[in-house]
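A.B. asks: any chance you can model this:
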Amino acid sequence: MTAWTPPPYADPAAFTERDITLDADGRTVPGTLTLPKEPTGRGVVLLTGGGPWDRDETSGPNKPLKDLAWGLATQGIAVLRFDKVTANRPEAMAAPGYTMTSEYVPHGTAAVRLLAEHVDRVFLVGHSMGGKIAPKIATEEPLVAGVVIMAGDTQPMQYAAVRVMRYLASSSPEAVPPETIAVFERQALAADTVTANTPSSDLPFGMPASFWLDQRDYDPVATAAKLDVPILVLQGGRDYQITVADDLPAWREGLPDATITVLAADNHSFFAGTGPSTMADYSVAQHVDPEAVAAITAWLAEHAGRLDPES
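C.D. replies: Residues are numbered from 1 along each chain as shown. Reported below is the predicted structural model:
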(Lines give C-alpha, C1' and ligand atoms only; values in the text may rest on other atoms or scores of the structure.)
Protein backbone atom coordinates (compact mmCIF):
# COMPACT_ATOMS: atom_id res chain seq x y z
CA MET A 1 0.00 0.00 0.00
CA THR A 2 1.23 3.50 -0.84
CA ALA A 3 2.30 5.41 2.27
CA TRP A 4 0.68 8.75 3.04
CA THR A 5 2.76 11.78 2.08
CA PRO A 6 2.13 15.43 3.01
CA PRO A 7 0.01 17.43 0.58
CA PRO A 8 1.87 20.10 -1.40
CA TYR A 9 0.12 22.89 0.52
CA ALA A 10 1.44 21.67 3.88
CA ASP A 11 4.77 22.78 5.33
CA PRO A 12 5.79 20.53 8.25
CA ALA A 13 8.34 23.16 9.30
CA ALA A 14 5.50 25.61 10.04
CA PHE A 15 4.06 23.74 13.02
CA THR A 16 4.70 21.22 15.77
CA GLU A 17 2.60 18.25 16.84
CA ARG A 18 2.18 16.40 20.10
CA ASP A 19 0.04 13.58 21.37
CA ILE A 20 -2.84 14.36 23.73
CA THR A 21 -5.47 12.36 25.59
CA LEU A 22 -9.10 13.33 25.99
CA ASP A 23 -10.99 12.02 29.00
CA ALA A 24 -14.78 12.25 28.91
CA ASP A 25 -17.74 10.21 30.05
CA GLY A 26 -15.45 7.69 31.73
CA ARG A 27 -13.54 6.89 28.52
CA THR A 28 -10.23 8.14 27.13
CA VAL A 29 -9.23 8.59 23.50
CA PRO A 30 -5.88 9.59 21.99
CA GLY A 31 -5.44 12.59 19.75
CA THR A 32 -3.01 15.02 18.18
CA LEU A 33 -2.58 18.73 18.88
CA THR A 34 -1.04 20.66 15.98
CA LEU A 35 0.28 24.10 16.90
CA PRO A 36 1.52 26.60 14.29
CA LYS A 37 4.79 28.39 14.89
CA GLU A 38 3.17 31.65 13.72
CA PRO A 39 -0.31 31.39 15.27
CA THR A 40 -3.33 33.45 14.25
CA GLY A 41 -5.16 32.85 17.52
CA ARG A 42 -7.68 30.64 15.74
CA GLY A 43 -8.07 26.91 16.22
CA VAL A 44 -10.30 24.10 14.97
CA VAL A 45 -11.42 20.78 16.37
CA LEU A 46 -11.83 18.21 13.61
CA LEU A 47 -14.70 15.71 13.84
CA THR A 48 -14.52 12.57 11.73
CA GLY A 49 -17.34 10.99 9.78
CA GLY A 50 -19.61 8.09 10.68
CA GLY A 51 -17.84 4.83 11.49
CA PRO A 52 -14.93 3.77 13.70
CA TRP A 53 -12.49 6.32 12.29
CA ASP A 54 -9.11 7.28 13.66
CA ARG A 55 -8.14 10.94 14.01
CA ASP A 56 -6.88 11.15 10.41
CA GLU A 57 -9.90 9.40 8.86
CA THR A 58 -7.43 6.91 7.43
CA SER A 59 -8.78 4.97 4.45
CA GLY A 60 -6.30 2.97 2.38
CA PRO A 61 -3.45 5.29 1.43
CA ASN A 62 -5.39 8.44 2.30
CA LYS A 63 -5.66 10.54 5.46
CA PRO A 64 -8.01 13.41 4.59
CA LEU A 65 -8.21 14.90 8.08
CA LYS A 66 -4.43 14.85 8.40
CA ASP A 67 -4.27 16.67 5.06
CA LEU A 68 -6.68 19.22 6.44
CA ALA A 69 -4.91 19.56 9.78
CA TRP A 70 -1.51 20.12 8.21
CA GLY A 71 -2.91 22.46 5.56
CA LEU A 72 -4.65 24.63 8.16
CA ALA A 73 -1.68 24.59 10.55
CA THR A 74 0.55 25.82 7.73
CA GLN A 75 -1.77 28.85 7.59
CA GLY A 76 -1.38 29.56 11.32
CA ILE A 77 -4.48 27.70 12.54
CA ALA A 78 -4.14 25.34 15.50
CA VAL A 79 -5.83 21.97 15.07
CA LEU A 80 -6.94 19.25 17.47
CA ARG A 81 -8.04 15.92 16.05
CA PHE A 82 -8.74 12.70 17.92
CA ASP A 83 -9.67 9.05 17.47
CA LYS A 84 -13.35 8.32 17.94
CA VAL A 85 -14.15 6.25 20.98
CA THR A 86 -15.12 3.44 18.58
CA ALA A 87 -11.89 3.63 16.54
CA ASN A 88 -10.25 0.79 18.41
CA ARG A 89 -13.54 -0.79 19.53
CA PRO A 90 -15.76 -0.99 16.43
CA GLU A 91 -17.85 -3.64 18.14
CA ALA A 92 -19.15 -0.88 20.45
CA MET A 93 -21.22 0.43 17.53
CA ALA A 94 -23.43 -2.64 17.82
CA ALA A 95 -23.73 -2.54 21.60
CA PRO A 96 -27.09 -1.69 23.22
CA GLY A 97 -27.25 1.97 24.18
CA TYR A 98 -24.85 3.16 21.48
CA THR A 99 -25.83 6.52 19.94
CA MET A 100 -24.31 9.15 17.70
CA THR A 101 -24.61 11.62 20.57
CA SER A 102 -22.65 9.48 23.02
CA GLU A 103 -19.98 8.73 20.42
CA TYR A 104 -19.30 12.36 19.50
CA VAL A 105 -20.47 14.89 22.06
CA PRO A 106 -18.47 14.07 25.24
CA HIS A 107 -15.04 13.95 23.57
CA GLY A 108 -15.90 16.69 21.09
CA THR A 109 -16.69 18.99 24.00
CA ALA A 110 -13.51 17.96 25.83
CA ALA A 111 -11.51 18.71 22.68
CA VAL A 112 -12.96 22.21 22.42
CA ARG A 113 -12.06 22.96 26.02
CA LEU A 114 -8.51 21.67 25.65
CA LEU A 115 -7.88 23.61 22.45
CA ALA A 116 -9.28 26.77 24.08
CA GLU A 117 -6.24 26.73 26.37
CA HIS A 118 -4.05 27.44 23.33
CA VAL A 119 -6.08 29.80 21.10
CA ASP A 120 -8.43 32.77 21.34
CA ARG A 121 -11.27 31.23 19.33
CA VAL A 122 -12.23 27.61 18.73
CA PHE A 123 -14.22 26.48 15.71
CA LEU A 124 -15.64 23.05 14.92
CA VAL A 125 -14.93 21.46 11.54
CA GLY A 126 -16.97 18.31 11.09
CA HIS A 127 -16.94 15.94 8.14
CA SER A 128 -19.99 13.89 7.13
CA MET A 129 -21.60 12.66 10.37
CA GLY A 130 -19.10 14.87 12.19
CA GLY A 131 -20.65 17.82 10.37
CA LYS A 132 -24.12 16.60 11.23
CA ILE A 133 -23.37 16.43 14.96
CA ALA A 134 -21.25 19.62 15.12
CA PRO A 135 -24.26 21.91 15.75
CA LYS A 136 -25.20 19.79 18.76
CA ILE A 137 -21.72 20.11 20.25
CA ALA A 138 -21.83 23.85 19.61
CA THR A 139 -25.18 24.02 21.39
CA GLU A 140 -23.76 22.35 24.47
CA GLU A 141 -20.35 24.10 24.56
CA PRO A 142 -20.40 27.93 24.59
CA LEU A 143 -16.67 28.13 23.77
CA VAL A 144 -17.46 27.19 20.16
CA ALA A 145 -17.11 30.35 18.05
CA GLY A 146 -18.30 28.91 14.74
CA VAL A 147 -19.07 25.72 12.83
CA VAL A 148 -17.83 24.33 9.51
CA ILE A 149 -20.00 21.52 8.10
CA MET A 150 -18.23 19.48 5.41
CA ALA A 151 -20.65 17.20 3.56
CA GLY A 152 -23.03 17.06 6.49
CA ASP A 153 -26.09 14.90 5.92
CA THR A 154 -29.66 16.09 6.37
CA GLN A 155 -31.60 13.29 4.68
CA PRO A 156 -32.64 10.54 7.14
CA MET A 157 -29.69 8.18 7.32
CA GLN A 158 -31.68 5.04 6.53
CA TYR A 159 -32.92 6.50 3.25
CA ALA A 160 -29.50 7.88 2.36
CA ALA A 161 -28.17 4.34 2.80
CA VAL A 162 -30.72 2.99 0.31
CA ARG A 163 -29.89 5.75 -2.17
CA VAL A 164 -26.15 5.08 -1.87
CA MET A 165 -26.65 1.34 -2.33
CA ARG A 166 -28.64 1.97 -5.50
CA TYR A 167 -25.91 4.25 -6.81
CA LEU A 168 -23.19 1.70 -6.05
CA ALA A 169 -25.21 -1.13 -7.59
CA SER A 170 -25.24 0.94 -10.78
CA SER A 171 -21.62 2.12 -10.70
CA SER A 172 -20.03 -0.94 -9.07
CA PRO A 173 -22.41 -3.87 -9.64
CA GLU A 174 -19.72 -6.39 -8.75
CA ALA A 175 -19.62 -4.96 -5.22
CA VAL A 176 -23.34 -4.41 -4.57
CA PRO A 177 -25.71 -7.12 -5.87
CA PRO A 178 -29.44 -6.32 -6.21
CA GLU A 179 -30.36 -8.34 -3.12
CA THR A 180 -28.30 -5.93 -1.01
CA ILE A 181 -30.61 -3.09 -2.02
CA ALA A 182 -33.64 -5.11 -0.97
CA VAL A 183 -32.09 -5.71 2.45
CA PHE A 184 -31.44 -2.00 2.98
CA GLU A 185 -34.97 -1.14 1.88
CA ARG A 186 -36.43 -3.50 4.47
CA GLN A 187 -34.10 -2.16 7.15
CA ALA A 188 -35.01 1.44 6.31
CA LEU A 189 -38.66 0.68 6.93
CA ALA A 190 -37.74 -0.89 10.27
CA ALA A 191 -35.76 2.22 11.22
CA ASP A 192 -38.84 4.32 10.46
CA THR A 193 -40.87 2.49 13.06
CA VAL A 194 -38.06 1.60 15.45
CA THR A 195 -38.82 1.03 19.12
CA ALA A 196 -36.50 0.23 21.98
CA ASN A 197 -37.23 -3.46 21.40
CA THR A 198 -36.44 -3.61 17.67
CA PRO A 199 -33.61 -6.14 17.12
CA SER A 200 -30.42 -4.65 15.68
CA SER A 201 -30.45 -7.42 13.07
CA ASP A 202 -33.55 -5.77 11.58
CA LEU A 203 -31.92 -2.32 11.35
CA PRO A 204 -29.41 -0.74 8.92
CA PHE A 205 -25.74 -1.60 9.49
CA GLY A 206 -26.68 -3.77 12.47
CA MET A 207 -26.73 -0.72 14.71
CA PRO A 208 -28.93 -0.96 17.81
CA ALA A 209 -32.34 0.61 18.29
CA SER A 210 -30.79 3.24 20.56
CA PHE A 211 -28.81 4.62 17.61
CA TRP A 212 -31.87 4.96 15.39
CA LEU A 213 -34.00 6.49 18.13
CA ASP A 214 -31.27 9.09 18.68
CA GLN A 215 -31.16 9.79 14.94
CA ARG A 216 -34.93 10.25 14.81
CA ASP A 217 -34.87 12.76 17.67
CA TYR A 218 -32.08 14.93 16.21
CA ASP A 219 -32.59 17.57 13.52
CA PRO A 220 -29.18 18.99 12.54
CA VAL A 221 -30.60 21.89 10.52
CA ALA A 222 -33.01 23.06 13.22
CA THR A 223 -30.24 22.73 15.80
CA ALA A 224 -27.83 24.75 13.67
CA ALA A 225 -30.45 27.42 12.99
CA LYS A 226 -30.68 28.17 16.72
CA LEU A 227 -26.95 28.84 17.06
CA ASP A 228 -25.68 32.39 17.40
CA VAL A 229 -22.37 31.65 15.67
CA PRO A 230 -21.30 31.81 12.01
CA ILE A 231 -21.65 28.65 9.93
CA LEU A 232 -19.89 27.51 6.77
CA VAL A 233 -21.32 24.59 4.77
CA LEU A 234 -18.98 22.95 2.25
CA GLN A 235 -20.31 20.40 -0.22
CA GLY A 236 -18.59 18.35 -2.89
CA GLY A 237 -20.33 18.43 -6.25
CA ARG A 238 -19.28 14.82 -7.05
CA ASP A 239 -20.26 13.40 -3.66
CA TYR A 240 -22.65 10.44 -4.06
CA GLN A 241 -23.00 9.85 -0.30
CA ILE A 242 -24.07 13.33 0.83
CA THR A 243 -25.33 15.11 -2.23
CA VAL A 244 -26.11 18.52 -3.65
CA ALA A 245 -29.58 17.27 -4.62
CA ASP A 246 -30.55 15.32 -1.49
CA ASP A 247 -28.85 17.01 1.47
CA LEU A 248 -27.74 20.52 0.59
CA PRO A 249 -31.24 22.00 0.01
CA ALA A 250 -32.13 21.62 3.70
CA TRP A 251 -29.02 23.53 4.77
CA ARG A 252 -29.80 26.27 2.22
CA GLU A 253 -33.40 26.61 3.36
CA GLY A 254 -32.77 26.30 7.08
CA LEU A 255 -29.63 28.45 7.32
CA PRO A 256 -30.23 31.55 5.20
CA ASP A 257 -27.36 33.41 6.88
CA ALA A 258 -24.78 30.65 6.49
CA THR A 259 -21.99 30.70 3.94
CA ILE A 260 -22.59 27.79 1.56
CA THR A 261 -19.94 26.73 -0.94
CA VAL A 262 -20.09 23.89 -3.46
CA LEU A 263 -16.76 22.59 -4.73
CA ALA A 264 -17.91 21.07 -7.99
CA ALA A 265 -14.92 18.78 -8.57
CA ASP A 266 -14.88 17.20 -5.08
CA ASN A 267 -16.15 13.85 -3.87
CA HIS A 268 -17.21 12.92 -0.33
CA SER A 269 -13.66 13.14 1.04
CA PHE A 270 -13.13 16.43 -0.80
CA PHE A 271 -10.74 14.83 -3.26
CA ALA A 272 -10.97 16.62 -6.60
CA GLY A 273 -11.58 14.68 -9.79
CA THR A 274 -13.65 14.40 -12.94
CA GLY A 275 -16.60 12.25 -13.92
CA PRO A 276 -18.88 10.32 -11.57
CA SER A 277 -17.33 9.37 -8.26
CA THR A 278 -16.96 5.64 -7.53
CA MET A 279 -15.82 3.36 -4.71
CA ALA A 280 -12.50 2.94 -6.51
CA ASP A 281 -11.69 6.63 -5.98
CA TYR A 282 -10.85 5.98 -2.35
CA SER A 283 -8.16 3.38 -3.07
CA VAL A 284 -6.09 5.90 -5.04
CA ALA A 285 -3.57 7.99 -3.08
CA GLN A 286 -4.62 11.64 -3.18
CA HIS A 287 -5.14 14.70 -1.01
CA VAL A 288 -7.93 17.01 0.11
CA ASP A 289 -8.59 19.67 -2.51
CA PRO A 290 -6.53 22.80 -1.77
CA GLU A 291 -9.67 24.81 -2.58
CA ALA A 292 -11.37 23.22 0.44
CA VAL A 293 -8.46 24.18 2.69
CA ALA A 294 -8.43 27.70 1.23
CA ALA A 295 -12.20 28.10 1.70
CA ILE A 296 -11.99 27.17 5.38
CA THR A 297 -8.92 29.33 5.96
CA ALA A 298 -10.54 32.38 4.36
CA TRP A 299 -13.81 31.87 6.25
CA LEU A 300 -11.99 31.57 9.57
CA ALA A 301 -10.09 34.78 8.85
CA GLU A 302 -13.35 36.54 7.96
CA HIS A 303 -14.85 35.62 11.32
CA ALA A 304 -11.71 36.14 13.40
CA GLY A 305 -13.06 39.32 14.95
CA ARG A 306 -16.42 37.94 16.01
CA LEU A 307 -16.96 37.99 19.74
CA ASP A 308 -17.13 34.65 21.49
CA PRO A 309 -20.75 33.58 22.12
CA GLU A 310 -20.45 33.90 25.89
CA SER A 311 -18.89 37.38 25.90
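A.B. asks: so where is this protein shaky, pLDDT-wise?
C.D. replies: 1, 305-311 (pLDDT under 70).
A.B. asks: one more time with 50
C.D. replies: 306-311 (pLDDT under 50).
A.B. asks: strands of the stretch 151-300 of the chain, start to end?
C.D. replies: For the stretch 151-300 of the chain, the strands defined by DSSP state E, counting those that start in this stretch occupy 231-236, 259-263.
A.B. asks: for stretch 59-72, give me every contacting residue.
C.D. replies: 1-4, 6-7, 9-10, 12, 15, 32, 34, 44, 46, 48, 55-58, 79, 81, 125, 127, 269-271, 282-288, 290, 292-293, 296-297 (CB atoms under 8 Å, 6 or more residues apart in numbering). For every residue, glycine as well, the C-beta is placed using N, CA and C.
A.B. asks: please apply the same query to stretch 207-222.
C.D. replies: Contacts of stretch 207-222 (CB under 8 Å, 6+ apart): 93-101, 132-133, 135-136, 152-154, 156-158, 191, 194-200, 203-204, 250-251, 253-255.
A.B. asks: that older thread, most neighbours per residue, which of the strands of the stretch 151-300 of the chain?
C.D. replies: Highest mean neighbour count among these (mean count of other CB atoms under 10 Å): strand 231-236, with a mean of 24.
A.B. asks: what pairs with it, parallel or antiparallel?
C.D. replies: Paired with strand 231-236 in the same sheet, following DSSP bridges, are strand 144-150 (parallel), strand 259-263 (parallel).
A.B. asks: make TSV out of these and add distance to Glu38.
C.D. replies: Listed next are the strands paired with strand 231-236 as TSV, based on distance: least, CB to CB, whole Å:
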stretch	distance to Glu38
strand 144-150	20
strand 259-263	26
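A.B. asks: looking at the ones you listed, which is closest to Pro177?
C.D. replies: Shortest distance between Pro177 and these, using CB to CB, is found for strand 144-150: 31.2 Å.
A.B. asks: pull out the buried positions in that closest one.
C.D. replies: Residues Val144, Ala145, Gly146, Val147, Val148, Ile149, Met150 are the ones in strand 144-150 that count as buried (16 or more other CB atoms under 10 Å).
A.B. asks: how about stretch 209-228?
C.D. replies: Buried residues in stretch 209-228 (16+ other CB under 10 Å): 209-215, 218, 220-221, 223-225, 227.
A.B. asks: in CSV: these, plus distance to Arg186.
C.D. replies: CSV is the format used below for the buried residues of stretch 209-228 (distance: CB to CB, whole Å):
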residue, distance to Arg186
Ala209, 16
Ser210, 20
Phe211, 17
Trp212, 14
Leu213, 19
Asp214, 21
Gln215, 18
Tyr218, 23
Pro220, 26
Val221, 28
Thr223, 30
Ala224, 32
Ala225, 33
Leu227, 37
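A.B. asks: from those, which land in helices?
C.D. replies: Among the buried residues of stretch 209-228, the residues falling in helices (DSSP state H) are Ala209, Ser210, Phe211, Trp212, Leu213, Asp214, Gln215, Pro220, Val221, Thr223, Ala224, Ala225.
A.B. asks: and of these, the nearest to Ala182?
C.D. replies: Among those, and counting by CB to CB, the member closest to Ala182 is Trp212, at 19.3 Å.
A.B. asks: hang on, the earlier thing: turn the strands of the stretch 151-300 of the chain into a markdown table, including distance to Lys66.
C.D. replies: Formatted as a markdown table, these follow (distance: least, CB to CB, whole Å):
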| stretch | distance to Lys66 |
| --- | --- |
| strand 231-236 | 18 |
| strand 259-263 | 19 |
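A.B. asks: out of those, the one nearest Pro178 is which?
C.D. replies: strand 231-236 (27.4 Å).
A.B. asks: which residues are contacting the closest one?
C.D. replies: 135, 146-152, 224, 242, 244, 247-248, 251, 255, 257-263, 265-268, 270, 292, 295-296, 299.
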